[in-house]
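Colleague: Here is a sequence with its predicted model. Questions after.
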Amino acid sequence: MMDKKIAVIGAGSWGTALSMVLSDNGYNVSLWSHRKLQAEEIQNQHTNEKYLPGVVLSNLIKGTDRLDEALKDASALLLVVPAKAMRDVLKQIRTKLNHPLLFIHGVKGIEPGSFKRMSEVIMEEIPESLRSGVVVLSGPSHAEEVSLRHPTTVAVASPNSQAAKTAQDLFFNHYFRVYTNEDMIGVEIGGALKNIIALGAGMLDGLGYGDNAKAALITRGLAEISRLGTKLGAYPLTFIGLTGMGDLIVTCTSVHSRNWRAGNMLGKGQKLDEVLKSMGMVVEGVRTAEAAHALAEGLNIEMPITTAIYQVLFEGKHPKTAVDELMDRDKKDEIAPLTHSLNERMEQKH
Ligand SMILES: NC(=O)C1=CN([C@@H]2O[C@H](COP(=O)(O)OP(=O)(O)OC[C@H]3O[C@@H](n4cnc5c(N)ncnc54)[C@H](O)[C@@H]3O)[C@@H](O)[C@H]2O)C=CC1
Ligand SMILES: O=C(CO)COP(=O)(O)O
């Protein structure tokens, strides 16, 4: 039986929206921000205007900028900071962990530099005795719509099915439908890499291209995400589920997506640094493009769309040139490479 307090670490749009789901489910939530003023706003005004404008938070959600206060008596910890901040935040938390906890994270990114998945970073930073409690929550779920209690589905994944089941029980309600999944690698890779493709979808819209181009990008984007993910140990079918295809659809087609919006500005000719400055929120796909590009090179996996987006972001290639080059590549078979990676994965399993 879970106690009734959950610590949510990271008070951006996603941490705040998930806190609302938890408070709707009757949990007391301690929502931690590293910014004192933001914590005070949450605590005293029950709002978080910068990240979820117009939303009123339940009295069950308390704001704090003190990690010890957030963690005190919490039975589960939800980590929702940008991927680049995850390790640093865990180092601060580590010294304050004095009882068994469930570690759920909702982060869709890869650690810059190490190119590790978030669950790998968490496992490295927490005591060994707590590692079986690590779970990822992911899926097609814009914070803006969750905060309006619009029907949303996600998956919680862990090789420890009991931990996933406990996380499912925490979040599940009539507008937030939660599935369990044992494939943590596939869920994390799908959630992180779809942001690169969403940047590309925004670029296509910025360039004035239509729905044919976007459908092609989403489908072929999924093919290369599956190729890399399978090589990293994921189960291929995860990529046609909520956290793969589902999240690609929502992020590539919604104006809520920060990745889509950033891509759109790039497609219209703006420079990356001015785009990122104007966003004011995390655009995970940018650093993830760097990670995926490096992983693909290291593992010798063909990821032409990811490479093209990397070149637009970091090598000054014009988005239109990137599209032209993708279209002019050698002729290919559509299914054979996918069948190959599926077979490889099946062979690894047996
Ligand atoms: N916004 C959304 O709809 C969804 C976001 N996500 C994922 O959730 C993660 C967080 O995203 P958002 O909440 O949207 O981001 P955000 O940009 O809205 O907020 C990020 C929060 O992290 C804080 N932060 C930044 N650097 C920090 C540091 N060094 N230490 C501590 N805190 C720091 C910021 O102050 C802010 O409160 C990302 O990985 C994103 O991909 C996943 C699903 C939905
Ligand atoms: O992951 C998301 C929706 O599922 C949010 O995507 P953005 O980070 O692009 O806003």
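Modeller: Perfect, I can see it now. Ligands and ions are numbered 1, 2, ... in the order given.
Colleague: what sits up against the one helix or strand Leu31 maps to?
Modeller: Applying DSSP states H and E as the criterion places Leu31 in strand 28-32. Residues from elsewhere that reach strand 28-32 (Cβ atoms under 8 Å, 6 or more residues apart in numbering): 4-11, 15-16, 19, 22-23, 39, 42, 60-67, 69-72, 74. Backbone N, C-alpha and C define where each C-beta goes, glycine included.
Colleague: partner strands of it, parallel or antiparallel?
Modeller: Using DSSP bridges, strand 28-32 pairs in its sheet with strand 5-9 (parallel), strand 61-64 (parallel).
Colleague: ok, and does the longest one reach over to ligand 1?
Modeller: No: Strand 5-9 is not in contact with ligand 1 by Cβ under 6 Å from any ligand atom; minimum separation 7.8 Å.
Colleague: following that strand, which helix or strand comes up?
Modeller: helix 13-24.
Colleague: doesn't Met245 make contact with Phe239?
Modeller: Yes: taking Cβ atoms under 8 Å as the definition, Phe239 is a contact partner of Met245 at 6.8 Å.
Colleague: Which pLDDT value belongs to whatever residue of the chain ends up closest to ligand 1?
Modeller: Of all residues in the chain, Gly12 sits closest to ligand 1, at 1.7 Å by Cβ to the nearest ligand atom. Gly12 carries a pLDDT value of 97.
Colleague: which residues sit in contact with it?
Modeller: So Gly12 contacts Tyr51, Val80, Val81, Pro82, Met281, Val282 (Cβ under 8 Å, 6+ apart).
Colleague: Give me the secondary structure label for the first one.
Modeller: Assigned with DSSP: H, G, I helix; E, B strand; the rest coil, Tyr51 falls in the coil class.
Colleague: Run a quick neighbour tally on the nearest residue to it once chain neighbours are set aside.
Modeller: Closest residue in space to Tyr51, ignoring its immediate chain neighbours: Ser13 at 4.3 Å, by Cβ to Cβ, 6 or more residues apart in numbering. Neighbourhood size, Ser13 [other Cβ atoms under 10 Å]: 24.
Colleague: Surely Ser13 is in contact with Met279?
Modeller: No: at 11.9 Å, Ser13 does not count as touching Met279 under the criterion of Cβ under 8 Å.
Colleague: what residue is smack in the middle of this structure?
Modeller: For the chain, Lys108 is the residue whose C-alpha lies nearest the centre (Cα atoms, centre = their mean; 1.8 Å).
Colleague: Find the nearest non-adjacent residue to it, please.
Modeller: In space, Lys108 is closest to Gly191, 4.1 Å off (Cβ to Cβ, 6+ apart).
Colleague: and the one you found, that one's in a helix?
Modeller: Yes: checked against three-state DSSP, Gly191 lies within a helix.
Colleague: How much space separates Leu338 from Ser138?
Modeller: 22 Å (Cβ to Cβ, to the nearest Å).
Colleague: So if I had to pick from these two, which one is more boxed in?
Modeller: Ser138 (28 against 18).
Colleague: contacting residues for the closest residue to the more buried one other than its chain neighbours?
Modeller: Spatially, and ignoring its direct neighbours in sequence, Ser138 is nearest to Gly191 (3.9 Å; Cβ to Cβ, 6+ apart). Gly191 sits next to Lys108, Val136, Ser138, Gly139, Thr243, Asp247 when contact means Cβ under 8 Å, 6+ apart.
Colleague: Three-state assignment for the first one, please.
Modeller: In terms of secondary structure, Lys108 is coil; the call rests on three-state DSSP.
Colleague: so what's it scoring on pLDDT?
Modeller: pLDDT, Lys108: 98.
Colleague: cool, and the last one?
Modeller: In this prediction, Asp247 carries a pLDDT score of 98.
Colleague: Would it be right to say that it lies in a helix?
Modeller: Yes: assignment of Asp247 by three-state DSSP places it within a helix.
Colleague: Residues of the stretch 1-150 of the chain that sit close to ligand 1?
Modeller: So the stretch 1-150 of the chain meets ligand 1 at 10-15, 33-35, 51, 80-83, 85, 88-89, 106-109, 141-143 (Cβ under 6 Å from any ligand atom).
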